[in-house]
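Q: Output the structure for:
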Amino acid sequence: MKYLKLILPLIFLLLLSNCSVNKFSLKEKRIIKKIKPNNEMSLMLLNNPKDSIILYNKSKNIKLGFRNRKLKKLIKGMYSTVRSSTNPGVGIAAPQVGVNKRIVWVQRFDKTNEPFEFYLNSRIIYYSKKKSEGSEGCLSIPEFTGEVFRSDTIVMKYDLLKSKNLIDTVSGFTAIIFQHEIDHLNGILYIDRIKDKSKIKKRKK
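A: Next up, the predicted model:
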């Protein structure tokens, strides 16, 4: 009985923490509610102090099986945003639309027809030692580009709506996109990877 009294609070806290993993905050729910079919979402911009707090926050996992309408609506809204003719991109992370959850869309240039695909709870579990420097831009820092060193090959672990703990090895330009977007989930922007700030340039119009 003595041990039961000690264990029950721990079980309660564990269940509470698991629930907090997949719940959207009230602010996130409001953002999702405003999404209209095929309508792009407002982007978080680094030069906005309130937006920068979200961009530099670490994102939480989405619990597998959390397939409610809000999640599906967010996924579709993110896709419409990254495919917008106003601000076209090759990838987007949920923090960039104001939601600190581990969701990304990435264009798979390494696959036939170069499809856009979304991933839940993605994490990089291996970075190749071989790296290359390349130019990067960001929807949340639209006026600038910069030269960043990234691993040529990564191994990624991720979930999908109906599958979990999937593994994928990615190389080349697509690996760069994944590193960029997963950095967003960890509260890191590409400019934070650049030690020599002279390599950050004003984007040419």
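Q: Tell me where the chain has helices.
A: 2-22, 26-33, 49-55, 69-82, 172-185 (DSSP state H).
Q: which stretch in these has the least confidence?
A: Note on the helices of the chain: lowest mean pLDDT is at helix 2-22, with a mean of 45.
Q: which residue ends up closest to the midpoint of this protein in space?
A: residue 93 (3.0 Å; Cα atoms, centre = their mean).
Q: what's it in contact with, if anything?
A: By Cβ atoms under 8 Å, 6 or more residues apart in numbering, the contact list for residue 93 reads 59, 103, 104, 181, 182, 184, 185. Bear in mind the C-beta positions are built from the backbone N, C-alpha and C, glycine included.
Q: Distance of the last one relative to residue 55?
A: If you measure residue 185 against residue 55 using Cβ to Cβ, to the nearest Å, the figure is 11 Å.
Q: quick one: common contacting residues for those two?
A: Joint contacts of residue 185 and residue 55 (Cβ under 8 Å, 6+ apart) are residue 95.
Q: Just give the number of residues close to the nearest residue to the residue nearest to the centre of the chain once chain neighbours are set aside.
A: In space, and not counting its chain neighbours, residue 93 is closest to residue 184: 3.5 Å by Cβ to Cβ, 6 or more residues apart in numbering. By other Cβ atoms under 10 Å, the residues close to residue 184 number 26.
Q: shouldn't residue 184 be in contact with residue 95?
A: Yes: here residue 184 reaches residue 95: they are 5.3 Å apart, a contact under Cβ atoms under 8 Å.
Q: Find residues that contact each of those two.
A: Taking Cβ under 8 Å, 6+ apart as the contact rule, residue 184 and residue 95 both touch 55, 59.
Q: contacting residues around the residue nearest to residue 93?
A: Residue 184 makes contacts with 55, 59, 93, 95, 96, 104, as judged by Cβ under 8 Å, 6+ apart.
Q: wait, which of those residues is closest to residue 75?
A: Taking Cβ to Cβ as the measure, residue 75 sits nearest to residue 104 out of the contacts of residue 184, at 10.2 Å.
Q: ok, for residue 124, nearest residue in space, not its chain neighbours?
A: Per Cβ to Cβ, 6+ apart, closest to residue 124 is residue 154, 5.0 Å.
Q: again, but for residue 31
A: Nearest non-adjacent residue to residue 31, counting by Cβ to Cβ, 6+ apart: residue 98, 4.8 Å away.
Q: who are the neighbours in contact with that neighbour?
A: Residue 98 makes contacts with 27, 28, 31, 41, 42, 44, 51, 54, as judged by Cβ under 8 Å, 6+ apart.
Q: List only buried entries from the residues you listed.
A: With burial judged by 16 or more other Cβ atoms under 10 Å, the buried subset of the contacts of residue 98 is 28, 31, 41, 44, 51, 54.
Q: Those: which two are farthest apart?
A: 28 and 51 (13.9 Å).
Q: residues near residue 121, how many?
A: For residue 121, using other Cβ under 10 Å, the count is 23.
Q: thought it was touching residue 160?
A: No: applying Cβ under 8 Å as the test, residue 121 and residue 160 come out as separate, 9.5 Å apart.
Q: so what's residue 158 up against?
A: Residues near residue 158 by Cβ under 8 Å, 6+ apart: 119, 120, 121, 122, 123, 166, 168.
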